[in-house]
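**Student:** What shape does this take:
(one chain, ligands or ions: 1)
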Amino acid sequence: MEITKEEIENIREKFPILRRKVGDKDLIYLDNTATSQTPVEVVEDINYLYTHTKANVHRGVHTLSQEATDLQEHTRRRVQGWINASSFEEIIFTRGTTEAINLVASSFGQRFREGDEIILTVMEHHANIVPWQLLQSRTGIKIRVVDINDKGELDLDQYRSLFNDRTVFASFTHISNVLGTVNPVKEMTRIAHEHGVPVLVDGAQAAPHLRPDMQDIGCDFYVFSAHKMYGPTGIGVLYGRKELLESMPPYQGGGEMIKHVSFEHTTFADLPFKFEAGTPDFVGIAAFAKAFDFMEETGIDLIAEHEHQLLEYTTEKLLALPGVKIYGTAPDKAAVISFNVGDAHNYDVGFLLDKLGVALRTGHHCAQPLMERLGIPGTVRASFAVYNTFEEADRFIEALKRVIPMVM
Ligand code: PLP
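**Tutor:** Below is the predicted model:
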């Protein structure tokens, strides 16, 4: 399966930002791991909703409010279908992956006690570390960490060995935002469940590139962000198994998450609304449905295949350049390439590449423990989306060839 030139041109047409310049250079956008660009369908929908259907959701009997509510709930069912959740009640809208993990740590975490242990991995984004540390400072739980091997794969033997009578939770990323490693989350979930331990999978980097199937993976919680999957900013999803969500206390209090409020006694709304206090970004949520349309029309398999080809093509060219070292060489890898050039600082490389129109990420990528494990302050990171082309990969390599003599 290969994306044709015509197909990629049609896709790129939908992303006007790709036609802009940086200085006098054509933009080459290779920072898709941080956020992907948004197709016109989504942007136009946001515009349409603000100009035709802006009304608060779940609150009014009037037509606009009903329409806005229907649109928001349509997206909920779209998400449910996309990830194969059993019920729309298992789909909670949040501000992003970060808020979704904080929700689980704050709410589910209330049952953990001093000395209980949770398992994380060394490749986690700070969003899947710090909420657990905050919980640790409140409860005295212990955090155990799974290491990686030289290729950037998790040490599954060590993972297995970390489970004991005190283990109460495991939380790990589906795909590393630095190494690109695709973790065996189904197997890891199975191992955790053998010990009766619930699992959260951070799908922020997976949901844009594959179609995570909740029934297949079998995890208890799965989280992701719309802005990384061609959708609007400020929207995220928490999938949670219904019986667990039902057993959890609310995360925030406010409007919309209650059944009845009195100063003596307040009762809470049913799922999913129990976890959606206050006015959500209902315009963004409604428009998020168009991002699913885009991915479905393009074809998630085609997206994955094209990105994989870009990964292989660019990796080979990068490795032929003097002084380039790539971090993360797992055979099962997403289209993320973290690298350094000799002893050059990642920031210098990124800064000079920007002057040549290439937008990519530098630094620790919100994964400082991983950087410490790798013994480096940071990397330069190129990451691909379906709209990137082989010509862009070539131009990135040509730009890097110009930068290397300046920094080495
Ligand atoms: N988890 C992973 C693996 C990520 O890559 C990111 C963002 O880059 C996050 C969590 C946080 O996502 P957000 O900032 O959208 O909440």
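**Student:** and S65, what does it touch?
**Tutor:** Counting by C-beta atoms under 8 Å, 6 or more residues apart in numbering, S65 touches 55-59. Glycine gets a C-beta too; all of them are placed from N, C-alpha and C.
**Student:** Tell me the strands beside whichever helix or strand V201 is part of, with direction?
**Tutor:** Using DSSP states H and E, V201 falls within strand 199-202. Each strand paired with strand 199-202, and its direction, by DSSP bridges: strand 167-173 (parallel), strand 221-225 (parallel).
**Student:** The longest one near the ligand anywhere?
**Tutor:** Right, the one you point to is strand 167-173. Yes. Using C-beta under 6 Å from any ligand atom, strand 167-173 reaches the ligand at T173.
**Student:** sorry, back to before: buried ones in the helix or strand that the strand holding V201 is followed by, by neighbour count?
**Tutor:** Beyond strand 199-202 on the C-terminal side, the first helix or strand identified by DSSP H and E is helix 214-217. Within helix 214-217, the residues that count as buried by 16 or more other C-beta atoms under 10 Å are 214, 217.
**Student:** so how far is helix 214-217 off the chain centroid?
**Tutor:** The chain centroid and the centroid of helix 214-217 are separated by 17 Å, computed with C-alpha atoms, centre = their mean, to the nearest Å.
**Student:** Columns mean neighbour count and mean pLDDT on top of the strands paired with strand 199-202, output as TSV?
**Tutor:** Output for these, formatted as TSV (neighbours: other C-beta atoms under 10 Å; pLDDT from 0 to 100):
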stretch	mean neighbour count	mean pLDDT
strand 167-173	25	99
strand 221-225	28	98
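**Student:** related to what we said a few turns ago, want to throw the contacts of S65 into TSV with distance to the ligand and pLDDT?
**Tutor:** Converted to TSV, the contacts of S65 look like this (distance: C-beta to the nearest ligand atom, whole Å; pLDDT from 0 to 100):
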residue	distance to the ligand	pLDDT
A55	27	93
N56	24	92
V57	22	93
H58	24	86
R59	27	77
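**Student:** quick check: mean pLDDT across the strand holding V201?
**Tutor:** Averaged over strand 199-202, pLDDT sits at 98.
**Student:** Stretch 241-248 now?
**Tutor:** 98.
**Student:** circling back to that earlier point, go ahead and name everything in contact with the strand holding V201.
**Tutor:** Strand 199-202 has contacts (C-beta under 8 Å, 6+ apart) with 97, 101, 104, 124-125, 127-128, 169-174, 185, 188-189, 192-193, 212, 217, 219-223.
**Student:** Nearest to V40 among the strands paired with strand 199-202 would be which one?
**Tutor:** strand 221-225 (20.5 Å; C-beta to C-beta).
**Student:** The stretch 101-250 of the chain: helices as residue ranges?
**Tutor:** Ranges of helices within the stretch 101-250 of the chain are 130-139, 156-162, 185-194, 214-217, 242-247, based on DSSP state H, counting those that start in this stretch.
**Student:** Looking at these, spot the one closest to the ligand.
**Tutor:** Nearest to the ligand among the helices of the stretch 101-250 of the chain is helix 130-139 (10.6 Å), distances taken as C-beta to the nearest ligand atom.
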